[in-house]
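Enquirer: Could you look at this predicted model? Sequence included:
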Amino acid sequence: MNKELMEALDILEKEKEISKETLFEAIENSLLTACKNHFGKSDNVKVEIDRDTCDFLVYAQKEVVETRDDVMDDCLQIALEDAQAISKKAQVGDVLNVEIKSKEFGRIATQNAKNVILQKIREEERNVIFNQYFEKEKDVVTGVVQRYVGKNISINLGKADAMLTESEQVKGEVFRPTERIKVYIVEVKNTSKGPRINVSRTHPELVKRLFESEVTEIKDGTVEIKSIAREAGSRTKIAVWSNNPNVDAVGACVGMNGARVNAIVDELRGEKIDIVPWDENPGNLIQNALAPAKVVAVFADPDEKAAKVVVPDYQLSLAIGKEGQNARLAARLTGYKIDIKSETQAKDAPGFRYEDYIDDEYDEEAYEEGYAGEYAENEVYDNGGEE
């Protein structure tokens, strides 16, 4: 048994996660390369390696000819006299396996064989790393900040480095070397220099994956995140829905005393998160999405994907938000173009008669059309307070 080779293969398999079969194939190819460099050809050379003992045999298949004068090519033919020295049963015309001693190879042939093995190990190591992180594409991983490369940040993910580009960084976030942060893997590409991993701190899916890891009800499918809108570093709105009537979707995401959502807010360096209940009725959904502002009435047009919203006069600035952020995120969350007016503006605006949709009694037809108003209940968690 070749114990040294066996130990070396075991170490490579454990540390590099390269299968032994791949390594055996690399050794076989290296021996064939050495034969070609030593003899000039290797078409008739065979390599056999015992997978259990690591003992290997290299031999050339040669045709037996009658005399040494008949040998036209030493690599392909062997005289009967020499053949019978190896096997007494050898006859003219037979194909004989003649063992090749690898120790006879020259220095250049040996060096080339070594390079073949090393090249194969490097290729397989890159493939293993690529496959490992390709499976994590569109997922969140924890990395260690290494250094700034210009305005980009190099992050170590364990067996590979990722690059957090300036466009994927949240404005205002500053990281120190050795600091641990969570990033979202946007894309993994296989290149000649190894896998290239692009990560993000601004992607909306980062927030979604953080909720999936923090909230068990989302992980097991009881609660779904139906929609998400984010302005990285400032505010995120998510709409959630519970498949179990006994489970409060918003409460599950908030957690006891806000523990769950606060853990995510801390990871996002204080980014505000609004969690609102999803509703199949677009009017109710838009009303929920505009939280924390109070809404008097909503009329949504599903065909035009547009909605008219009336809010109390004193709530107009809150509904619109700082620089229009609240309304903008609500529009992204719902997929509707939202026109917000105060009660005074609505009464004076032609064609915007919200009184037509307000009724003390429940109006099922208006509800089906997308209206939400005084009868629509709304539960909202807003960790950021009023604008």
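Expert: Happy to help now that I have it.
Enquirer: and residue 78, what element?
Expert: strand 77-79 (DSSP states H and E).
Enquirer: Give me the contact list for whichever helix or strand comes after that strand.
Expert: Next along the chain after strand 77-79, taking DSSP H and E as the criterion, comes helix 80-86. Helix 80-86 has contacts (Cβ atoms under 8 Å, 6 or more residues apart in numbering) with 62, 64-68, 90-92, 94, 96, 98. No exception for glycine: its C-beta is placed from N, CA and C like everyone else's.
Enquirer: Need the residue closest to the centroid of the protein.
Expert: Ranked by distance to the mean C-alpha position of the chain (Cα atoms, centre = their mean), the top residue is residue 137 at 1.1 Å.
Enquirer: now that residue: how far from residue 162?
Expert: Going from residue 137 to residue 162 by Cβ to Cβ, to the nearest Å gives 12 Å.
Enquirer: what's the answer for residue 299, then?
Expert: In terms of Cβ to Cβ, residue 299 sits 47 Å off from residue 162.
Enquirer: mean confidence score for stretch 118-130?
Expert: Averaging pLDDT along stretch 118-130 gives 85.
Enquirer: how far out from the middle of the chain is that stretch?
Expert: Offset of stretch 118-130 from its chain centre (Cα atoms, centre = their mean, to the nearest Å): 20 Å.
Enquirer: Over to stretch 245-253?
Expert: 28 Å.
Enquirer: picking up where we left off before, which residues are in contact with the strand holding residue 78?
Expert: 62-68, 70-71, 96, 98.
Enquirer: Now with 7 Å, please.
Expert: Strand 77-79 is contacted from outside by 62-65, 67-68, 71, 96, 98, using Cβ atoms under 7 Å, 6 or more residues apart in numbering.
Enquirer: cool, stretch 20-40 as well?
Expert: Applying Cβ under 7 Å, 6+ apart, the contact partners of stretch 20-40 are 9, 12-13, 42, 45, 47, 49, 51, 58, 75, 100, 102, 105-106, 108-110, 112-113, 116-117, 120-121, 124.
Enquirer: Tell me where the stretch 1-150 of the chain is predicted with low confidence.
Expert: Applying pLDDT under 70 to the stretch 1-150 of the chain flags residues 1-2, 38-42, 102-104, 106.
Enquirer: if we can go back for a sec, ChimeraX command to pick out the buried ones of the contacts of stretch 20-40?
Expert: Of the contacts of stretch 20-40, the buried ones go into a single ChimeraX selection, burial set by 16 or more other Cβ atoms under 10 Å:
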select :9,12,42,45,47,49,58,75,100,102,105,109,110,112,113,116,117,120,121,124
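Enquirer: Backbone dihedrals for the residue nearest to the centre of the chain, both of them.
Expert: phi -60, psi 140 (degrees, to the nearest 10).
Enquirer: What are the buried residues along the one helix or strand residue 37 maps to?
Expert: Assigned by DSSP H and E, residue 37 belongs to helix 20-39. For helix 20-39, a neighbour-count test (16+ other Cβ under 10 Å) marks 22-24, 26-39 as buried.
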